[in-house]
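K.L.:
Quick one: sequence and predicted model below, then my questions.
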Amino acid sequence: MGSIRIRIAKDFERLEEQMRQMMDNLFGPVNPAAAVPLPRFRPAVDVYETPGEMVIRMELAGVVKEELSLTLNQQQLNISGRRRFYTNDPVQRFLQLEIDYGLFARTFQVPRLIEESQIRAEYNNGILEVRLPFRPPTPAKTITVKEE
């Protein structure tokens, strides 16, 4: 029963987006904020830590590398992009449309300080893998108290 509700919710989201686009095409955006596209889906991710790094694996089949954006701001990693609908076929009508298209964005909190110069990101076979190496712990510093 749960998967049916999710599918119906996605169908209504698509219908809402199509109606919004039709209204925007006919009358223009209602306000400037309406012209800003919002993320439409959340790609599946696996996030885990090893003793020396945090690893994020994101499922992005069909997304071209040039459509990806990764930014690190303090201890927050943002991954965003777009999956476009591509076809060379003259589509008469859709019989089934289950793949999510459009903008996506995910944000991850990095639990520890990392070595920013050693961050690695690879995209192979539809999987984006980001490795964030942790900074080694700094040794405790002894502070001497002076007497006056």
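P.N.:
Perfect, thanks for sending it.

K.L.:
Would you mark the buried spots in whatever helix or strand Val55 lives in?
P.N.:
Of the helices and strands defined by DSSP states H and E, Val55 is found in strand 53-59. For strand 53-59, the neighbour count (16 or more other C-beta atoms under 10 Å) marks Glu53, Met54, Ile56, Met58 as buried. All C-beta atoms are positioned from the backbone trio N, CA, C, and that covers glycine.

K.L.:
Repeat that for stretch 95-112.
P.N.:
Neighbour-count burial for stretch 95-112 [16+ other C-beta under 10 Å]: Tyr101, Phe104, Arg106, Phe108.

K.L.:
Pop out the phi and psi values for the spatially closest residue to the first one that is not a sequence neighbour.
P.N.:
In this structure, Tyr101 finds its nearest non-sequential neighbour in Phe85, 4.7 Å apart by C-beta to C-beta, 6 or more residues apart in numbering. Main-chain torsions, Phe85, degrees, to the nearest 10: phi -90, psi 120.

K.L.:
ok, of the buried residues of strand 53-59, which one's closest to Gln96?
P.N.:
Met58 (24.7 Å; C-beta to C-beta).

K.L.:
From Val45, how far out is the closest one?
P.N.:
For Met58, the distance to Val45 equals 5 Å [C-beta to C-beta, to the nearest Å].

K.L.:
Good, we can wrap up now.
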